[in-house]
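> my questions are about this predicted structure, shown below with the sequence.
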Amino acid sequence: MAFSNFRPIFLGTALLVSACSFTEETLWPTLTGEDPAGKDQQAQPAAPAPAAQPAAQPALGTSDFRPDGVTPGSPTGTFVGKKVVELREELVRLQDAVGTHNTQLQNLRTRVVEDSQRYHGTTAAINARLQVGTTPGNPILVQQFNAAQADLDRLAGDITEMNNLATTVAGDSTMSSFLSESARAAFSISGAVDEDHRQLAILEDEVNRTVVLIDRLLKEVTDDVRRQTNYVATERANLNLLSAGIKSGEIFGADLTNRALAASGNRYGNVGALNTGSRRPLVVIRFDRANVPYQQALYNAVSKVLERRPDAVFDLVAVAPSAGGPARVALNSNKARRSAESVLRSLIEIGLPPTRVAVSARTSGQARTNEVHLYLR
């Protein structure tokens, strides 16, 4: 994109990324006020970044778990007959509980869909405004962002209730297993008449059908909870990126978190900084003025790398000039480190896991001002 306060220059390099088998002739942005070729070039407007697409809400289950009911029976007066009556009453209570829990599930599903639709409508309005450009910290967008965050919190609350429902249904499952075993064991009790076994056989069939119904209910609720929990976690990352876009008044694009974690499984932990050696940096940010607008170029560079190498790790290096005596070097080093911390916060805001970035510092005789370099590991 075009920056009003400086002209971007580019390092024309052939980027060879190991373990990815691709060579890309590309121009990486160096955020300075000069052209390395010595030519005064006018910054060219770039196409706006694509709008961040929120993850589609995963489908909820659609089954309706209504028990078939319990067949009534007549007392026989035997001990086994009394046992059948007790088991039948237990089964009635269990099926009533299952019906109540089924109603709760259907209501929760309706609320999840309503909250999700409201959330996506709000974030779509924010993205549409950022797509065409707006002022940094636009209060209207801030208000909409707060509303979207509240909608997502309500959605998270719905999932918490659904998770509690799963715990309750697990208790129903335990009770149904107990009834099944009790009905089966009742056949071996002596002193029964034929009518007892006839009613007991019907009851056992109905208990077994209830067991299957509860197992299906528990599986579907558990699947709903798992999918919706992952969905909310993804949307929280998207909201973080949306917040960064509102602060800058421009759209960034899709969140980097899933792309960064997809191939690695977050296996790196806290990576240690490596010697950058003769590697060319992906991005050089020169802090030769206040409020250098580097965020969009930084996002574009990192996003492009992660498209090709989802498991990429980065080195963020604070570079301070080595000229000017020990006191001046120490002062510049502190400033460079603070700038690197600011860049790191920006990377985290746009969705890059902090475990993917190693931060270090050094001085350079070639640097004329404080710089922050980002390298691909």
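That came in fine, so what should we check first? Numbers count the residues shown, from 1 in each chain.
> SS state for S278?
Here S278 is recorded as coil under DSSP: H, G, I helix; E, B strand; the rest coil.
> neighbours around it, how many?
Neighbours of S278 under the rule other CB atoms under 10 Å: 5. For glycine as for every other residue, the C-beta is placed from the backbone atoms N, C-alpha and C.
> give me every residue that touches E161.
E161 makes contact with L108 under the criterion CB atoms under 8 Å, 6 or more residues apart in numbering.
> any idea of the pLDDT on T23?
The model reports T23 with a pLDDT of 30.
> again, but for N266
38.
> swap in S248?
78.
> and V225, by the same measure?
88.
> what of A14?
pLDDT, A14: 33.
> same check, this time on I9
34.
> likewise for V98?
So, for V98, pLDDT stands at 94.
> any idea which helix or strand carries it?
helix 79-132 (DSSP states H and E).
> check P310 too.
Using DSSP H and E, P310 sits in no helix or strand.
> can you report phi and psi for it?
When read as degrees, to the nearest 10, the backbone of P310 gives phi -60, psi -20.
> hey, where'd the helices end up in the stretch 101-250 of the chain?
139-186, 194-248 (DSSP state H, counting those that start in this stretch).
> measure stretch 285-296 end to end?
This stretch, stretch 285-296, spans 12 Å end to end (CA to CA, to the nearest Å).
> list the buried residues in that stretch.
Buried residues in stretch 285-296, counted by 16 or more other CB atoms under 10 Å: 285-287, 292-296.
> now swap in stretch 368-377 and tell me
Buried, per 16+ other CB under 10 Å, within stretch 368-377: 369-377.
> just give me the closest of those to G77.
Among the buried residues of stretch 368-377, R377 lies closest to G77 (CB to CB), at 81.7 Å.
> any idea how far that closest one lies from R309?
10 Å (CB to CB, to the nearest Å).
> V372 belongs to a strand?
Yes: if the criterion is three-state DSSP, then V372 is within a strand.
> quick check: bridge partners of it?
V372 has the following beta-bridge partners by DSSP bridges: I285, A318.
> now do the same for the residue nearest the centre of the chain: its pLDDT.
Central residue of the chain (CA atoms, centre = their mean): T234, 2.0 Å from the mean position. Note for T234: predicted pLDDT of 81.
> on that earlier part again, okay, and which of the buried residues of stretch 285-296 map to helices?
295-296 (DSSP state H).
> TSV please, covering the buried residues of stretch 285-296 and showing distance to R328 and pLDDT.
Compiled in TSV, these are given as follows (distance: CB to CB, whole Å; pLDDT from 0 to 100):
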residue	distance to R328	pLDDT
I285	21	93
R286	17	92
F287	16	91
V292	21	87
P293	27	86
Y294	24	87
Q295	29	85
Q296	32	83
